[in-house]
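Asks: The sequence isn't on hand, but the structure is:
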């Protein structure tokens, strides 16, 4: 098995400033990475989606993936949710979308299976949209989100049983969510694994820092 090695773009943003899309690609290429990555966490980032189709020709890089976050308790006509569906139907230049599943309903705690039914309904909609272009959908566990753990992602992958729905192992969020059994966590997610996010972490005064 071969792996594509790339830096997540979150490391290019700090309180001191940030780097634009082309600068991030240039640095990734110069450092010997295989690909770039796009986190859709702002309007400027969404504007960069159109640039993905030119990355290989311009920078000699692949696009490893695109990251989005979806509120699983949102209605079907929610603008943010519809935007993600439209992304999956029109994305050009990447074949993997990683999605964190959040919940704005405070009665549903992180990892609470009570959220499975609404989450699976949204994952099914996303998978249907992704299928139109053959895009793989990878569920991204995120500390503090409803889908917080790798076990949550594996549970949803298993329940939906869709060939294009996979999971991400994010080392920082695995650690920040309080997990301890690394081998056990990897084994549970391994049948559905699409990508691995490696990040050193440490605990400082009760906080987990990357």
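Replies: Perfect, I can see it now. Small disclaimer: the values here were computed from a predicted structure and weren't measured. Numbers count the residues shown, from 1 in each chain.

Asks: contacts and neighbour counts: CA atoms only from here.
Replies: Noted.

Asks: Please name the residues that touch residue 6.
Replies: Contacts for residue 6 (C-alpha atoms under 8 Å, 6 or more residues apart in numbering) come out as 28, 33-37, 64.

Asks: immediately after the longest strand seen in the chain, which helix or strand?
Replies: Longest strand of the chain, by residue count under DSSP state E: strand 62-71. Using DSSP states H and E, the helix or strand that follows strand 62-71 in sequence is helix 79-90.

Asks: May I see the buried residues of that next one?
Replies: The neighbour-count check on helix 79-90 (16 or more other C-alpha atoms under 10 Å) flags 81-82, 84-85, 87-89 as buried.

Asks: Need those in a markdown table (columns: distance to residue 183 and pLDDT).
Replies: Shown next, in a markdown table, are the buried residues of helix 79-90 (distance: C-alpha to C-alpha, whole Å; pLDDT from 0 to 100):
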| residue | distance to residue 183 | pLDDT |
| --- | --- | --- |
| 81 | 34 | 97 |
| 82 | 37 | 97 |
| 84 | 33 | 98 |
| 85 | 34 | 97 |
| 87 | 34 | 97 |
| 88 | 32 | 96 |
| 89 | 36 | 95 |
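
Asks: and which of those is nearest residue 107?
Replies: The shortest approach to residue 107 among these belongs to residue 81, at 20.5 Å (C-alpha to C-alpha).

Asks: who are the neighbours in contact with the residue lying closest to that closest one once chain neighbours are set aside?
Replies: Computed as C-alpha to C-alpha, 6 or more residues apart in numbering, the closest residue to residue 81 that is not its neighbour in sequence is residue 70, at 6.3 Å. The contact partners of residue 70, taken as C-alpha under 8 Å, 6+ apart, are 80-81, 84, 99-102.
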